[in-house]
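Student: Sequence first, then the predicted structure, then my questions.
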Number of protein chains: 2
Amino acid sequence: MYAPGDVRVDHTDRPTVVEPTDAIIKLTASCICGSDLWPYRGADQVEHQPMGHEYVGIVDEVGSGVQTVKVGDFVVGSFFASDNTCEICQAGYQTHCVHRQPGALPGAQADFARIPLADGTLVATPGLPDDDLIPSLLAASDVLGTGWFAAVAAEAGPGRTVAVVGDGAVGLLGVLAAKQLGAERIIAMSRHADRQALARKFGATDIVTERGDAGVAKIRELTGGLGAHSTIEAVGTQESMMQAIGATRAGGHVGYVGVSHDVQLPGEQLFFSGVHLHGGPAPVRRFLPELIQLIWDREIDPGQVFDLTLPIEQAAEGYQAMDERRAIKVLLTL
Amino acid sequence: MYAPGDVRVDHTDRPTVVEPTDAIIKLTASCICGSDLWPYRGADQVEHQPMGHEYVGIVDEVGSGVQTVKVGDFVVGSFFASDNTCEICQAGYQTHCVHRQPGALPGAQADFARIPLADGTLVATPGLPDDDLIPSLLAASDVLGTGWFAAVAAEAGPGRTVAVVGDGAVGLLGVLAAKQLGAERIIAMSRHADRQALARKFGATDIVTERGDAGVAKIRELTGGLGAHSTIEAVGTQESMMQAIGATRAGGHVGYVGVSHDVQLPGEQLFFSGVHLHGGPAPVRRFLPELIQLIWDREIDPGQVFDLTLPIEQAAEGYQAMDERRAIKVLLTL
């Protein structure tokens, strides 16, 4: 991304092993993330930046210190590299690993990428996947793992009513995660017919089209005046955060994963809401083994969030389609 | 309180039963809360306001609808009245009860008070308590229950390092709660020798005198660079909230109970901190049966936070002593 709105496909050299703990992977597929739209829209600074942080691929080379990952393995990683051994990783917060680094260098919208801390970061699939599993495995790398973390942070589970703020790929996969975690009722907040349809396919029982205070009022109306037990926030704006907090009952849980942009939470309102708030950059690595198995066993099909597939040469068109909400998520073939 | 800084002791009529679910109690002792200092200092509006929301006493009269509380019972209540039967109460969030009301009307710094929803709000002790238990039972009514909730919200427990921001009665009793909940290490943040001493008596293993960023740095230094697992926030200012969030490791828990005043939490900093945040007005009622039993069995002695006892006629002097931090907490005899 040369500048906001200016995406080009350039030639770069294949990255090489720098640290002995690195692996080089040949990507099987890549994709564009909703969070890539922040710089695309000028909300984050960007200047000639290699893009992409979601990836699946085949290990092409490993450094001398790599012990478990082998050349030829089909692997899934995520947007932060982690050692998976430090106290923070062991507690399940690999995105805050004391040795964390960017997950794919210089970027994962490319044929090859360098993955630091390969043993801690990459999870191998049981074998080479069938082609039809590739989109789902790629989704596990970020949007599924992030939606899953949001649902876990929101304590979605049996007997719970879960509200989902945001109908992008992460919000939709938050619906899928809530369903898998056993939620009784799942209310998706969406105004777009195609996203509503996918939300229902993933397990949404109700759709709310209202936003902001009206959205909060509607959720309260649907929950006997109390609010949802669990709310997934997958946008990252002031309005979406306040909508999530307002939609949640006292003692309930908000799981927020939309990358915060210009958000200031009013202390008094938060205090008197009585909700639990947990989120941040999702420790996707914590969930990868479980998610890969669910995909491998064809229990879940998160790859359905990719509703536009383009060759990487047309990446600029992919960004534009997501920016204009013509596509939920774009898969880039290599 | 006629105005900020202006506390007077007036005669008022004994309150009477208004709703059939009311009880009238004759207070055995009363006290001044740290939160009473907000209006005293002009940070909250106040105009000719009866004060006090912490109470123990003997039931003097009950309404026709009161079924479990009996005249002559010695009871402990709290700052919100709750039915203790609604879905929110049953989930342990009685301070957000769908029928919640002020806990003691017109105020608990008085000889008598009207307690709404008496059956749901009041908890009777096993019998008439010995005089030396009165301060501890009175503490259970708010500051102990609030410190306890903060420790529970912060998930203090075995193997955990707990940091405590705030050395008022609530923070000190947060130390006591963390100790009771089995915390391995308890770091009290305090600059006052008398409060440090009481913190140590209640179970603090370390004292940190630094505040703000320096305080955060010190907590990180004491915890291998990671931060505390659990942090209790018992102040309610911007500085104390950011200190609590900064002192907590990713994936750790902040339990905040200081009533928020002019706090705005920066979304991005919160997002990337990866902490859990939970708090608000403490559902003291949830903990009262357990806390009363611990006091009754002389397992804990939270009444030690009262370091100044005055007859209620000298309430104004009590407010002044707490405002000037000459006293941690003032007990008013009736």
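Tutor: Structure's in. What do you need?
Student: mind checking how far the most centrally placed residue in chain A is from A:Val284?
Tutor: By Cα atoms, centre = their mean, chain A has its centre lying nearest to A:Val143, at 2.3 Å. Distance of A:Val143 to A:Val284, computed by Cβ to Cβ, to the nearest Å: 9 Å. Placement of C-beta: from N, CA and C, glycine included.
Student: Ok, A:Glu61 next?
Tutor: For A:Glu61, the distance to A:Val284 (Cβ to Cβ) stands at 24 Å.
Student: Give me the more crowded residue out of those two.
Tutor: The neighbour comparison of A:Glu61 against A:Val284 (other Cβ atoms under 10 Å in any protein chain shown) goes to A:Val284, with 28 against 17.
Student: Could you tell me how many residues sit around the nearest residue to that one once chain neighbours are set aside?
Tutor: Spatial nearest neighbour of A:Val284, chain neighbours left out: A:Gly145 (3.0 Å); criterion: Cβ to Cβ, 6 or more residues apart in numbering or on different chains. By other Cβ under 10 Å, the residues close to A:Gly145 number 30.
Student: which element is A:Gly145 on?
Tutor: Assessed by DSSP states H and E, A:Gly145 sits inside helix A:143-153.
Student: Now do the same for the helix or strand following that helix: mean pLDDT, whole number.
Tutor: Sequence order places strand A:161-165 as the next helix or strand after helix A:143-153, per DSSP H and E. Mean pLDDT, strand A:161-165: 98.
Student: Please find the angle between the direction vectors of strand A:161-165 and helix A:143-153.
Tutor: 130 degrees (axes from the mean of the first three to the mean of the last three Cα atoms, to 10 degrees).
Student: can you tell if strand A:161-165 touches chain B?
Tutor: No: contact of strand A:161-165 with chain B is not found when judged by Cβ under 8 Å from any Cβ of the partner chain; the minimum separation is 11.3 Å.
Student: Near chain B, which residues of the stretch 151-300 of chain A are found?
Tutor: So far as Cβ under 8 Å from any Cβ goes, the stretch 151-300 of chain A lies against chain B at A:224-226, A:236, A:238, A:241, A:249-251, A:256, A:259-268, A:270-281.
Student: Within the helices and strands, which one has A:Ile219?
Tutor: With DSSP H and E as the criterion, A:Ile219 is inside helix A:212-222.
Student: That helix packs against which elements?
Tutor: Under the contact criterion of 3 or more Cβ pairs under 8 Å, 6 or more residues apart in numbering or on different chains; DSSP states H and E, helix A:212-222 touches strand A:161-165, strand A:185-189, strand A:206-208, helix A:238-246.
Student: please redo it, this time with the cut-off set to 7 Å
Tutor: Packing contacts for helix A:212-222, counted by 3 or more Cβ pairs under 7 Å, 6 or more residues apart in numbering or on different chains; DSSP states H and E, involve strand A:185-189, strand A:206-208, helix A:238-246.
Student: quick one, which of those is packed in tightest?
Tutor: By mean neighbour count, with neighbours taken as mean count of other Cβ atoms under 10 Å in any protein chain shown, strand A:185-189 ranks first of these at a mean of 27.
Student: now it: how far from the chain's centre is it?
Tutor: Centroid separation between strand A:185-189 and its chain, computed with Cα atoms, centre = their mean, to the nearest Å, is 19 Å.
Student: Next: stretch A:24-42.
Tutor: Centroid separation for stretch A:24-42 versus its chain: 11 Å, with Cα atoms, centre = their mean.
Student: What's the end-to-end length of that stretch?
Tutor: 31 Å (Cα to Cα, to the nearest Å).
Student: just stretch A:131-144 next, same as before
Tutor: End-to-end distance for stretch A:131-144: 18 Å, by Cα to Cα.
Student: Note down every partner strand of whichever strand or helix holds A:Ile232 and its orientation.
Tutor: Applying DSSP H and E as the criterion places A:Ile232 in strand A:228-233. Within its sheet, strand A:228-233 is paired with strand A:161-165 (parallel), strand A:248-256 (parallel), according to DSSP bridges.
Student: So what's the residue count around the closest residue in space to A:Val257 that isn't next to it in sequence?
Tutor: Sequence neighbours aside, A:Ala150 is the residue nearest to A:Val257 in space, at 4.4 Å (criterion: Cβ to Cβ, 6+ apart). For A:Ala150, the tally of surrounding residues (other Cβ under 10 Å) stands at 33.
Student: ok so, going back, if I look at the residue nearest to the centre of chain A, how far off is A:Leu277?
Tutor: 22 Å.
Student: same check, this time on A:Gly72
Tutor: According to Cβ to Cβ, A:Gly72 and A:Leu277 sit 43 Å apart.
Student: Between those two, point out the one with more neighbours.
Tutor: Taking other Cβ under 10 Å, A:Gly72 and A:Leu277 do not tie; A:Leu277 has more neighbours (27 against 9).
Student: pLDDT below threshold where in the stretch 51-200 of chain A?
Tutor: Of all residues in the stretch 51-200 of chain A, none has pLDDT under 70.
Student: What residue in it comes nearest to chain B?
Tutor: Closest residue of the stretch 51-200 of chain A to chain B, Cβ to the nearest Cβ: A:His96 (3.3 Å).
Student: show me the contacts for that residue.
Tutor: Listed by Cβ atoms under 7 Å, 6 or more residues apart in numbering or on different chains, the contact set of A:His96 reads A:88, B:250-251, B:274.
Student: go on, A:Val17?
Tutor: Contact partners of A:Val17, counting by Cβ under 7 Å, 6+ apart, are A:24, A:61, A:63.
Student: do that again at 10 Å, thanks
Tutor: By Cβ atoms under 10 Å, 6 or more residues apart in numbering or on different chains, A:Val17 lies in contact with A:23-24, A:61-66, A:114, A:118.
Student: Would you verify that it is located in a helix?
Tutor: No: using DSSP: H, G, I helix; E, B strand; the rest coil, the assignment for A:Val17 is coil, not a helix.
Student: Quick check: it vs chain B, distance?
Tutor: Using Cβ to the nearest Cβ, to the nearest Å, A:Val17 is found at 29 Å from chain B.
Student: For A:Asp111, see how far away that residue is.
Tutor: A:Val17 is 16 Å from A:Asp111, by Cβ to Cβ.
Student: All the helices of chain A, in order from the start?
Tutor: Taking DSSP state H, the helices of chain A run over residues A:37-40, A:87-90, A:118-121, A:134-140, A:143-153, A:169-180, A:193-202, A:212-222, A:238-246, A:267-273, A:284-296, A:315-323.
Student: If we go by neighbour counts, what in the longest one is buried?
Tutor: Buried positions in helix A:284-296, judged by neighbour count with 16 or more other Cβ atoms under 10 Å in any protein chain shown: A:284-288, A:291-292, A:294-296.
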